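Colleague: Sequence and predicted structure, then a few things I'm wondering about:
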Amino acid sequence: MKKSVLVCLIMAVLCSGCDYAWFGRGLQEDAGGVTVYTARHYEADSALFEAFTKQTGIRVHEIKGTAEELIGKMAQDRENAVADLFFTVDGGVLSNAKQADVLQPLRSEIIDRQVPQQWRDPDQYWIGVTRRARVLVYSKDRVRREELSTYEELTDTKWKGRLLVRSSQSLYNQSLLASFISLNGKDRAMQWAKGVATNLSRAPEGGDREQALAILDGVGDVAIMNTYYFGQLANSTDPDEARVADQLAVFFPNQLTTGTHINISGIGLARYAPHKANAIKLVEYMTSREGQTLLVNKSYEFPVNEEATLPKLLESWGTFKAQELDFSELGAHQQAAIELFRLADWP
Ligand code: FE
């Protein structure tokens with residue numbers, strides 16, 4: 001009799017242990033998910049999400065696609081959508097998402113402290129996460145730094161056959177030209193596109209990285225490209241790519257005029273986010289000093305949180321004057337930019 005009581009007791013303790021463990025797991029799964037629709041396909045993002053999961057137990061599910069696809073899916077699925085957050089590059093795309101009514105304001109005092117106002121949508125429909133500058137990268141052997149000044153100067157005949165830039169189908173180029181339309185008007189933007197297209201050393205091919213590699217191969221002397229690709233190449237484990245660090249340099253154009261073109265990556269809370277609290281927690285982490293330091297030391301983008309520690313290379317570039325432009329302008333002039341590229345024969 002006594003024995004069976006003991007067995008029962010042991011069973012009860014074991015079972016409650018099981019129960020507890022099961023319940024614990026259940027709890028974590030319930031409280032523990034957040035789904036990010038992401039149009040950014042950078043390894044650094046996944047590493048950041050993993051660090052967040054380690055710290056909070058909240059799992060991050062990434063669903064990747066183009067920004068257009070993901071916005072379309074959220075618009076179509078409405079309250080049945082699984083998206084909690086929408087993460088993308090480009091201020092124009094972020095403002096498109098806002099207008100497509102697939103986002104809702106994201107309110108958090110922590111985020112407001114971490115991200116300066118200028119990198120947030122005025123209505124909090126998106127929060128900036130990183131910044132990137134579209135700069136000039138040049139061969140230290142074949143170009144003297146003093147020869148460079150502005151984007152506009154690249155249309156000078158002295159650059160004939162020496163410029164490298166990717167196709168006009170790239171959103172990065174479309175936003176660059178959109179910024180010129182906004183700052184200088186369509187006519188001058190058109191002249192610029194024509195002038196650059198005339199001076200190209202080859203028909204556009206490859207992404208931004210390929211433009212830098214082409215300078216190493218002697219195909220051209222100056223490339224228009226985003227800063228972080230330079231950082232990734234310079235820190236590459238592939239010695240061929242790492243030559244970028246010694247042989248090429250970065251120049252921030254238009255420092256005495258309108259400033260260097262910058263763009264933003266940002267994240268917004270989905271209109272029908274099923275895990276709103278977790279989504280806000282994730283954005284708080286992504287914009288924290290720790291999250292930002294982790295992210296930019298892998299992606300080589302610029303942080304939005306000024307307390308983040310920069311990689312040495314970015315620190316060596318110092319500060320620079322950036323274009324002062326409402327990011328919604330980039331989206332507003334995108335179609336006009338595409339049309340100008342066509343007229344300018346920039347494929
Ligand atoms: Fe990119």
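Modeller: Nice, thanks for sending it over.

Colleague: Do you have the strands of the chain handy? List them.
Modeller: Under the criterion DSSP state E, strands of the chain are mapped to 33-38, 59-64, 85-89, 103-104, 127-139, 163-164, 222-226, 248-251, 261-270, 302-303.

Colleague: So for K194, what's the nearest residue that isn't a sequence neighbour?
Modeller: Leaving aside its chain neighbours, K194 sits nearest to A344 (4.3 Å; criterion: CB to CB, 6 or more residues apart in numbering). Every residue, glycine included, has its C-beta placed from N, CA and C.

Colleague: gap between the residue lying closest to S182 once chain neighbours are set aside and I264?
Modeller: Distances taken as CB to CB, 6+ apart place E329 nearest to S182, at 4.3 Å, with adjacent residues excluded. Between E329 and I264 the distance is 12 Å, computed by CB to CB, to the nearest Å.

Colleague: out of these two, which sits in the busier spot?
Modeller: More neighbours surround I264 than the other of E329 and I264, with 26 against 19 (other CB atoms under 10 Å).

Colleague: ok, what's across the strand from the more buried one?
Modeller: For I264, the beta-bridge partners are R131 (DSSP bridges).

Colleague: That one reaches R131, doesn't it?
Modeller: Yes. I264 is within contact range of R131, at 5.5 Å (criterion: CB atoms under 8 Å).

Colleague: Spit out the residues that contact the two alike.
Modeller: W119, V304 (CB atoms under 8 Å, 6 or more residues apart in numbering).

Colleague: residue boundaries of the helices in the stretch 201-347 of the chain?
Modeller: 208-216, 227-234, 239-242, 244-247, 276-286, 289-299, 312-317, 328-332, 334-343 (DSSP state H, counting those that start in this stretch).

Colleague: ok, back up a step: contacting residues around the residue nearest to K194?
Modeller: M190, A193, K194, A197.

Colleague: phi, psi of it?
Modeller: phi -90, psi 0 (degrees, to the nearest 10).

Colleague: And it, how far from S201?
Modeller: 17 Å.

Colleague: List the buried residues in stretch 67-79.
Modeller: A67, L70, I71, K73, M74 (16 or more other CB atoms under 10 Å).

Colleague: G207 - how many residues pack around it?
Modeller: If we define neighbours as other CB under 10 Å, then G207 has 14 of them.

Colleague: can you pull the contacts of T258?
Modeller: Contacts of T258 by CB under 8 Å, 6+ apart are L183, N184, Q323.

Colleague: Show me which of those are buried.
Modeller: L183, Q323.

Colleague: Name the nearest of the contacts of T258 relative to L176.
Modeller: The closest of the contacts of T258 to L176 turns out to be Q323 (CB to CB; 9.7 Å).

Colleague: The closest one and S179 touch, don't they?
Modeller: Yes. Under the criterion of CB under 8 Å, Q323 makes contact with S179 at 5.8 Å.

Colleague: so what sits against both of those two?
Modeller: Common contact partners of Q323 and S179 (CB under 8 Å, 6+ apart): H261.

Colleague: Take the buried residues of stretch 67-79 and write them to TSV, including distance to T260 and pLDDT.
Modeller: Listed next are these as TSV, based on distance: CB to CB, whole Å; pLDDT from 0 to 100:
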residue	distance to T260	pLDDT
A67	24	97
L70	29	98
I71	28	98
K73	34	97
M74	33	97
